[in-house]
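> Mind looking at a prediction? Sequence and model below.
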Amino acid sequence: MGHKKRIGILTSGGDCAGLNAVIRAVVHRAVCTYGWEVFGIYRATQGLMVRPVEAIQLHPKYVENWLTVGGTQLGTTNTGNPFAFPMPDGTFRDRSSEIIEGYHELGLDALIGIGGDGSMAILRKLAVQGGINLVGIPKTIDNDVGITERSIGFDTAVNLATEALDRLHFTAASHSRVMILEVMGRDAGHIAISAGIAGGAHIILIPEIPYTLENICGKIRERQESGLNFSVMVVAEAVRTEAGEPITSLQSHGEYRFGGIGQYLAHQITLCSGAETRVTVLGHVQRGGVPSPLDRLTAGIFGVAAVDLVADEKYDHLVTWQNRQVVPVPIEAAIATYNRVDPEGSLVRTARGLGICLGS
Ligand code: F6P
C-alpha cells in the first residue's frame, strides 16, 4: 500500500453543481481505503499563496453531507491565474513560486485539482515547475474539456435549462410569443443543443453553426402559418450577431464575459417576423443548486479513480469518461483540443431530424 500519504484537494475555475460530491468521494477513498490524510485548500491555488497556508483537514464525517450541497465548500476563483495574478494596484505579478512553496510547506505528497481546461493548464504548469504530483478531475458546465465524455456540472446545467424550456412552452403558447432562452457554455454550444433537444425547442442557435435571421424568421412564420403562433428558442451565449460580432461586457480585471445575444435576437425577430418576443437569461442559475443524480454518480466515479491514480503514483493524468469507463489521460493530451459541438455530429443530426431549426 506504500507509505501513508498526505494529499491536497482544490476546486478551481467557475463553480458548478457536484464539486462537493467529488471532494466527499476523494475523502472517503483516501481516508477509509488507504488511511491517508486529506487537506482541502481554499479558493483554488490562492489558499497555497497566502501564509499561513489556508487549508483544512477533511475527515469523512465532516464531508458526510456534502453529496447534495451546491457550489464548492472550499471556494474557488476563475480570475486568479498565478502566472499573471491581479494585484490590488492594478498590476499583474507572477506568484507561481509562492503556490509551489505552499504545497511543499503543507508537506503534500500529491494534489488533486478539480477544474476545467483553463485551470488544468495552469495547475499542470505549476506542477511541472514545482514538482507537484498532480491528478486532475474535469468539471465544467460547458462540457468543453478535451476528450472526456462527461464533466462534473454539465448534466445539472442541462437539466436546469431543460426545465426552463419546459416552463417557457406554456407561457409562450398562452401569449402567442417567441420565448428566447439564453444559456451559458462559453465558446461551445453543448448546453444549448442538449437542453434544446430535450426541452423541445423549435429553434436552437449554437456558436458552431452560422445562422441567418431570415432562416429563423422563416421557421417562426412557417409555424404561424400552420396555426402554431408561438415558438420556443434556445441560444448559446457565444452566438454572434448576424454580422459576426460577439456580444460581451467588460468585467473586473479586464476580462470579458458573454451575455446579451438573446436580447439582440429578440429585437431582430420582432422586426422580421412581427412576433412578440421575450428573453430569459438563465445565467448563473445553471451553476448553482443540487447536483443531478448523474453528476453525483460521476463525482463518485471520478473521485475514487483520482485517488487510485495517486495510490499508483500515476501523476500528471486527468481522469476522463470514455465508452462507459474511466480512462486516465495525460493532462496535456486531455486538454489539447477544445471540445465544441460537432456540426456534423449526432446531436446536430438529431436536432435536424426532429425538425428543429438551427438557423442555417
Ligand atoms: O465556464 C463556466 C461559465 O459559467 C461559462 O459558461 C460562462 O461564460 C462563464 O463561466 C461565466 O463566468 P463568471 O462566473 O466569471 O461570470
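Okay, I see it.

> tally of neighbours for G70?
Residues contacting G70 under the criterion other C-beta atoms under 10 Å number 17. From N, CA and C alone the C-beta is placed, and that goes for glycine too.

> Over to the one 3 residues further on?
Using other C-beta under 10 Å, the number of residues around Q73 comes to 18.

> again with the one 3 residues further on
The number of residues packed near T76 is 24, by other C-beta under 10 Å.

> so how far is the ligand from it?
10 Å (C-beta to the nearest ligand atom, to the nearest Å).

> Pretty sure that residue sits against G13.
Yes: judged on C-beta atoms under 8 Å, T76 makes contact with G13 at a distance of 6.5 Å.

> list residues touching both of the two?
With contacts defined as C-beta atoms under 8 Å, 6 or more residues apart in numbering, the residues adjacent to both T76 and G13 are A44.

> which residues sit against stretch 158-174?
By C-beta under 8 Å, 6+ apart, the residues outside stretch 158-174 that reach it are 177-179, 181, 183, 191-192, 194-196, 198-201, 230-232, 234, 280, 282, 285-286, 289, 292.

> how far away is the nearest residue to V285 once chain neighbours are set aside from the ligand?
Leaving out its chain neighbours, the residue that sits closest to V285 by C-beta to C-beta, 6 or more residues apart in numbering is L160, at 6.3 Å. Per C-beta to the nearest ligand atom, L160 is found 12 Å from the ligand.

> just V310 next, same as before
V310 is 26 Å from the ligand, by C-beta to the nearest ligand atom.

> Which pLDDT value goes with that residue?
V310 is assigned a predicted lDDT (pLDDT) of 98.

> Now it: phi and psi?
Main-chain torsions, V310, degrees, to the nearest 10: phi -60, psi -40.

> Identify the bridge partners of the residue lying closest to it once chain neighbours are set aside.
Nearest non-adjacent residue to V310, counting by C-beta to C-beta, 6+ apart: A110, 4.6 Å away. With DSSP bridges applied, A110 shows beta-bridge pairing to I7.

> quick one: A110 from A127, how far?
Separation of A110 from A127 (C-beta to C-beta, to the nearest Å): 10 Å.

> just checking, what packs against the helix or strand containing V38?
V38 is part of strand 37-41, with elements assigned from DSSP states H and E. For strand 37-41, the packing partners by 3 or more C-beta pairs under 8 Å, 6 or more residues apart in numbering; DSSP states H and E come out as strand 6-11, helix 19-27, strand 55-57.

> Using a markdown table, please lay out the ones you listed together with mean neighbour count, mean pLDDT and distance to the ligand.
Converted to a markdown table, the helices and strands packed on strand 37-41 look like this (neighbours: other C-beta atoms under 10 Å; pLDDT from 0 to 100; distance: least, C-beta to the nearest ligand atom, whole Å):
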| stretch | mean neighbour count | mean pLDDT | distance to the ligand |
| --- | --- | --- | --- |
| strand 6-11 | 25 | 98 | 13 |
| helix 19-27 | 27 | 99 | 12 |
| strand 55-57 | 15 | 98 | 24 |
